[in-house]
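A.B. asks: curious how this folds, go ahead:
(2 chains, ligands or ions: 1)
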Amino acid sequence: MTTEVSPPLPLPNELTTPFWDGAANGQLVIQSCNACGHLQHAPEPICSACLSFDLGSAAVSGKGTVYTFCIPTQAFHPYFADKLPFVLAVVELDDQPGLKMITNIVDVDPDSVRVGDRVEVTFNPLGEGFMLPVFRPISQ
Amino acid sequence: MSKKNRVAIVGVGYSDVSRGTGYSLDKLTAQASVAAMDDAGIKPVDIDGVVVHSFPHQFVSSTHTAAMLGIPDLAFYSGNVDGAAYSVAAMHAIAAIESGSAETVLTLRTVHKDGAAGGAAMLAGGGGKGIPGNMQFSMPYGSFTGSHWAGMYMTRHMAKYGSTEEDFGSFAIAQRKFAVANPTESFFHEELTMEDYLNSRYIAKPLHLLDCDYPVDSSSALIFTTEERARDMKQKPVFFDSWANGTTKEADFSLVGEMTHSSPFMAADRMWSRTSLKPSDVDTAGLYDGFSFIAMQWFEALGFCGEGEAGSFVRSGATSATGSLPTNTDGGACNVGRRHGANFFIEVTRQLRGTAGDRALPKKPEVGVVSNAVGGFAACALLTAD
Ligand SMILES: [Zn+2]
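C.D. replies: Alright, predicted model coming up:
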């Protein structure tokens, strides 16, 4: 018998809600500047490219490249205790040079992941209706 | 326009340090402050500035510290929770003295053992309220501590330059040799082999346990003053030749533009632009080792070797006692415990003024470099003997 441990769940606010709502609908949604089109993650109250406060969000391609990763082997939160080892990664999205997000690489042997691997978004249930955008290798 | 004051380090001191002192942050802070005042041969009434850096969840107040010590009136103070650990306190104090805002400034970094992990774990674990702010884009993925970004920085370097776990291990091994020669401060007393390093468990592969600084309760204090006042104090002064901060455009350590070329490069370039000294003039280094890869990035950032070459630089023996750049001669924070950068300022000061005792380097150093942090923010400084 196992005891369910609550996952670390987000507390969405007006800036972060589009990301979590998008994920619940199966889309990777990133903050987008209505004035200049700049994409930024994590979302902020101002566009760092043009200083506009007129910010929206956009569904992006969901494709990207593994910028780097590590393989945690110690749980710093009880939710991850039975999920070790896993792949914690930074993925650079195709949609804008340098646009990166922290994520997991899933559906893969952790030791086979390499920097530069092509990946695409997929969604894993996190709990309480939240879906977590994660990435898996793009099959050749 | 008035001439800038030349800034000297005149006193250094530590609190009791252990895995669990049972002492409050305030008591540790007071212990280190008294030790530094004793070292400098001054009294609280001689101090007119206090600068503290602390974790937000382990806040230590500069004004309360002054009150606790009976310092009558502060011309300058700041209590910081942002940026490159101890060096933030150092940089504020240097700026205050250079500008004439204060004359004699007590700088401090106090930390309890669970400091680095505590904040994140509390936020994620507590009460089911959910993760606020930008941490909701990292914690649900299992990114909680520095070890997680550190592992990712190492992977990036390995992929870009072909460096290996053995490269990082070579640093841990070289640094441990100094620790063995510093038995009163080091928590570790046996030399390391590469096998020991590679067999130490992974925390976040490729990051090994032996890549991590050693969490302790500690407070570190240094006292800075003007050259003029330094001449009347007990110790030989050590001078700041130049100093600089640097940051990356992105604040999140995991999302900086290029992990192998992060804020240490910005700080180092700025520091070298402010001095006539060159890397070849530096005789000893104290480079932050919250994780061993950080010190490795500093070798590259400061120009002691080329980018991607830190592993071969360390393996050449350059960082040993008899090498061209003896580095972390107290043993580093992996061995003397987490002092969050302050130990490097203290140890390089001791070497430059000739109070390192048994650990005095075979060739008395005249110029030293110290550094703190990596990723989003970093700082470094050049110190010179009198
Ligand atoms: Zn914009």
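
A.B. asks: show me the shaky parts of the stretch 1-150 of chain B.
C.D. replies: The stretch 1-150 of chain B contains residues with pLDDT under 70 at B:1-3, B:117-128.

A.B. asks: which residue is the nearest non-sequential neighbour of the residue of it found nearest chain A?
C.D. replies: Nearest to chain A, among the residues of the stretch 1-150 of chain B, is B:Gly130, at 3.0 Å (Cβ to the nearest Cβ). C-beta: built from backbone N, CA, C; applies to glycine. Spatially, and ignoring its direct neighbours in sequence, B:Gly130 is nearest to A:Leu11 (3.0 Å; Cβ to Cβ, 6 or more residues apart in numbering or on different chains).

A.B. asks: list the contacts of that neighbour.
C.D. replies: Residues in contact with A:Leu11, defined by Cβ atoms under 8 Å, 6 or more residues apart in numbering or on different chains, are B:Lys129, B:Gly130, B:Ile131, B:Pro132, B:Gln136.

A.B. asks: now it: phi and psi?
C.D. replies: The phi/psi pair for A:Leu11 (degrees, to the nearest 10) reads phi -110, psi 90.

A.B. asks: that older thread, in contact with the residue of the stretch 1-150 of chain B closest to chain A, which residues?
C.D. replies: Counting by Cβ under 8 Å, 6+ apart, B:Gly130 makes contact with A:Leu9, A:Pro10, A:Leu11, A:Pro12, B:Gln136.

A.B. asks: how about TSV for those, with secondary structure and distance to B:Leu352 added?
C.D. replies: Below are those laid out as TSV (DSSP: H, G, I helix; E, B strand; the rest coil; distance: Cβ to Cβ, whole Å):
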residue	secondary structure	distance to B:Leu352
A:Leu9	coil	51
A:Pro10	strand	49
A:Leu11	coil	49
A:Pro12	coil	53
B:Gln136	helix	46
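
A.B. asks: what subset of those is buried?
C.D. replies: Among the contacts of B:Gly130, those scoring as buried are A:Leu9, A:Pro10, A:Pro12, B:Gln136 (criterion: 16 or more other Cβ atoms under 10 Å in any protein chain shown).

A.B. asks: which one of the residues you listed sits closest to A:Phe123?
C.D. replies: Distance to A:Phe123, by Cβ to Cβ, is smallest for A:Pro10 among the buried ones among the contacts of B:Gly130, at 14.1 Å.

A.B. asks: surely that closest one meets B:Gln136?
C.D. replies: Yes: using Cβ atoms under 8 Å, A:Pro10 makes contact with B:Gln136 at a distance of 3.5 Å.

A.B. asks: how near is A:Pro97 to A:Thr65?
C.D. replies: Per Cβ to Cβ, to the nearest Å, A:Pro97 is found 11 Å from A:Thr65.

A.B. asks: tell me where chain A has helices.
C.D. replies: A:17-24 (DSSP state H).

A.B. asks: in the strand or helix carrying B:Val88, what counts as buried?
C.D. replies: Assigned by DSSP states H and E, B:Val88 belongs to helix B:86-99. By neighbour count with 16+ other Cβ under 10 Å, helix B:86-99 contains the buried residues B:86-98.

A.B. asks: also stretch A:78-98?
C.D. replies: Neighbour counts over stretch A:78-98 (16+ other Cβ under 10 Å) mark A:79-80, A:85-93, A:95-96 as buried.

A.B. asks: remind me which residues of chain A are low pLDDT?
C.D. replies: Low-confidence segments of chain A (pLDDT under 70): A:1-3, A:140.

A.B. asks: domain map for it?
C.D. replies: Domains of chain A are assigned by automatic domain parsing as A:12-60, A:61-140.

A.B. asks: looking at those, which is buried most?
C.D. replies: Across those, the average number of neighbours (mean count of other Cβ atoms under 10 Å in any protein chain shown) peaks for domain A:61-140, which reaches a mean of 18.

A.B. asks: hmm, it touching chain B?
C.D. replies: Yes: counting by Cβ under 8 Å from any Cβ of the partner chain, chain B has neighbours in domain A:61-140: A:67-78, A:80, A:83, A:85-86, A:88-90, A:98, A:100-104, A:114-116, A:126, A:130, A:132, A:134.

A.B. asks: what sits against whichever residue of the stretch 151-300 of chain B sits closest to chain A?
C.D. replies: Taking Cβ to the nearest Cβ, chain A has its nearest neighbour within the stretch 151-300 of chain B at B:Gly151, 2.8 Å off. B:Gly151 is in contact with A:Cys70, A:Ile71, A:Pro72, A:Leu88, B:Ile203, B:Ala204, B:Lys205, B:Pro206, B:Leu207, counting by Cβ under 8 Å, 6+ apart.

A.B. asks: nearest to the ion: which residue in the stretch 101-250 of chain B?
C.D. replies: The stretch 101-250 of chain B approaches the ion most closely through B:Lys249 (14.8 Å), counting by Cβ to the ion.

A.B. asks: contacts only, for that residue.
C.D. replies: A:Ser48, B:Val256, B:Gly257.

A.B. asks: next one: the second one from A:Pro78, what distance?
C.D. replies: Okay, so that is B:Val256. Counting by Cβ to Cβ - B:Val256 and A:Pro78 are separated by 29 Å.

A.B. asks: go on, B:Ala35?
C.D. replies: Distance of B:Ala35 to A:Pro78, computed by Cβ to Cβ: 40 Å.

A.B. asks: got it, and B:Ser276?
C.D. replies: Going from B:Ser276 to A:Pro78 by Cβ to Cβ gives 55 Å.

A.B. asks: and what of A:Ser112?
C.D. replies: Separation of A:Ser112 from A:Pro78 (Cβ to Cβ) stands at 27 Å.

A.B. asks: and for A:Asn124?
C.D. replies: Noted for A:Asn124: a distance of 18 Å to A:Pro78, by Cβ to Cβ.

A.B. asks: ranges for the strands of chain B?
C.D. replies: For chain B, the strands defined by DSSP state E occupy B:7-14, B:49-53, B:76-80, B:105-111, B:202-205, B:207-208, B:218-226, B:238-247, B:284-286, B:367-374, B:377-385.

A.B. asks: which neighbours in the sheet does the second one have, and how are they oriented?
C.D. replies: To tie it back to what came earlier, the one meant is strand B:49-53. In the sheet, strand B:49-53 lines up against strand B:76-80 (parallel), strand B:105-111 (parallel) (DSSP bridges).
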